[in-house]
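A.B. asks: Following is a predicted model, sequence given first.
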Amino acid sequence: MICTSNYRSFQSDRFAPVAISKHLGLDNPDYHGEYYSKLVPEPYIWHVWHNNNKGKISEEANNRYYVQEYWNQVLSKLNPQEVYNELNNRILLSYEPNTDFCHRHIIAAWFEILLGETVPEVKVKDYQIEEVDRPEYIKEYLEDAMRFNRNMRGFTSLRALYLFEKGEKLELLADELESKTGECYDDYRQFACFLRCNADQAEDEYKSLCRNKKS
């Protein structure tokens, strides 16, 4: 399980923290945990969001800009399952208060949308972990960003599309390896079939959820 928090709300040496923000040494001289650079936003995104856009466009439009750029420049280039596995059993830390807009909330939504993993926002003191609400709109903004100019391949669920394309890549890999080695990679093909079945199930679950929201 992964959690998220900010540096001020994390007061414990009982859990493994991972920093996902820049300028760590300058702003947090007492921090001695891990640092995960793959999820650090490109500096220009924050600069445009904070210095150029604020006061000139609506807060919603500005936050949507940030989410779209963070998806385009960072998250879309990463394998969500690999990142989740590398960060499992850790708490991801950045600067903004628990309920404010922050890229760590985008990351949490990314894991939920594609992997079905819940990543709570927390406050931590010693052994005590208190879960707090995060901005709900960020997941909606990220889903819109991920769908923008995207071929959904007939799916409505982003998780379903992710699973389908993962299986598709595995089948292509099996073709490539069989061509090179002359050996059979039926285990790859079987897992690809399993992923396609999971994609169909994820699509059905998403459609059911959408129907329940409308009713």
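C.D. replies: Thanks, I have the structure now.
A.B. asks: max-length helix in the protein?
C.D. replies: Among the elements of the chain assigned as helix by DSSP state H, the one spanning the most residues is helix 186-214.
A.B. asks: so who does the closest residue to Leu92 other than its chain neighbours touch?
C.D. replies: What sits nearest to Leu92 in space, not counting adjacent residues and going by C-beta to C-beta, 6 or more residues apart in numbering, is Thr4, at 4.7 Å. Placement of C-beta: from N, CA and C, glycine included. Contacts were defined as C-beta atoms under 8 Å, 6 or more residues apart in numbering; by that measure Thr4 touches 91-94, 104-105, 107-108, 119-122, 134.
A.B. asks: picking up where we left off before, buried residues in the longest helix of the chain, which are they?
C.D. replies: Tyr188, Arg189, Phe191, Ala192, Leu195, Arg196, Asn198, Ala199, Ala202, Glu203, Tyr206 (16 or more other C-beta atoms under 10 Å).
A.B. asks: Dump the residues you listed to JSON lines, plus pLDDT.
C.D. replies: Conversion of the buried residues of helix 186-214 to JSON lines gives the following (pLDDT from 0 to 100):
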{"residue": "Tyr188", "pLDDT": "96"}
{"residue": "Arg189", "pLDDT": "96"}
{"residue": "Phe191", "pLDDT": "97"}
{"residue": "Ala192", "pLDDT": "97"}
{"residue": "Leu195", "pLDDT": "97"}
{"residue": "Arg196", "pLDDT": "97"}
{"residue": "Asn198", "pLDDT": "97"}
{"residue": "Ala199", "pLDDT": "98"}
{"residue": "Ala202", "pLDDT": "97"}
{"residue": "Glu203", "pLDDT": "97"}
{"residue": "Tyr206", "pLDDT": "95"}
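A.B. asks: So which of those residues is the closest to Asn53?
C.D. replies: Of all these, the one sitting nearest Asn53 is Tyr206; the distance, using C-beta to C-beta, is 32.0 Å.
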